[in-house]
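Asks: model this:
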Amino acid sequence: MANHKSAIKRARQNEIRRQRNRAVKTRIKNIIKDVNAAATADDQKATAATLQTAQSAIDKAAKHGVLHRKTAARKISRLNKSVRRTQA
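Replies: Reported below is the predicted structural model:
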C-alpha cells in the first residue's frame, strides 16, 4: 500500500479510472453484441441505428483513451464488414 500522500491519491485515482475504463469496455462489448444480433435479425433500420450507436461509443472510448485509436478503427471496420456481409 502507498505511504506518501501523493501516492495514496494516485492509487485512489487509478482505481476510479480502472472502474470507469472497465465499464466503458463492457458497454462497448454489449453494443457490439447488439449490432450483431440486429444484423442477423434482418432489420436494416435497427441495424443501421445500432451500428451508428456502436461507432459513436467506440470513437468516444478512443477519444478518452480507453481504447487505442487504431483498435477503435479496427473494431468499427470489422463491425461494418460483418453488417455488410449479413445483409448481402
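Asks: pLDDT at the residue nearest the centre of the chain, what is it?
Replies: For the chain, the residue nearest the mean C-alpha position is residue 28 (3.0 Å; C-alpha atoms, centre = their mean). Note for residue 28: predicted pLDDT of 97.
Asks: repeat for the one 5 residues further on
Replies: Confidence per residue is given as pLDDT, and for residue 33 that number is 96.
Asks: that one: neighbouring residues, count only.
Replies: 12 (other C-beta atoms under 10 Å). Quick note: C-beta positions are derived from backbone N, CA and C, even for glycine.
Asks: please report how far it lies from residue 82.
Replies: Residue 33 sits 12 Å away from residue 82, going by C-beta to C-beta, to the nearest Å.
Asks: got phi/psi on residue 42?
Replies: phi 60, psi 30 (degrees, to the nearest 10).
Asks: enumerate every residue touching it.
Replies: Counting by C-beta atoms under 8 Å, 6 or more residues apart in numbering, residue 42 makes contact with residue 87.
Asks: go again using 10 Å as the cut-off
Replies: Residue 42 makes contact with 86, 87 under the criterion C-beta atoms under 10 Å, 6 or more residues apart in numbering.
Asks: do residue 32 as well
Replies: Residue 32 is in contact with 50, 51, 54, 57, 58, 75, 78, 79, 82, counting by C-beta under 10 Å, 6+ apart.
Asks: what are the ranges of the helices in this structure?
Replies: 5-40, 44-63, 69-87 (DSSP state H).
Asks: most packed of these?
Replies: Ranked by mean neighbour count, these are led by helix 44-63 with a mean of 16 (mean count of other C-beta atoms under 10 Å).
Asks: for it, give me every contacting residue.
Replies: Contacts for helix 44-63 (C-beta under 10 Å, 6+ apart): 21, 24-25, 27-28, 30-41, 43, 66-76, 79-80, 82-83, 86-87.
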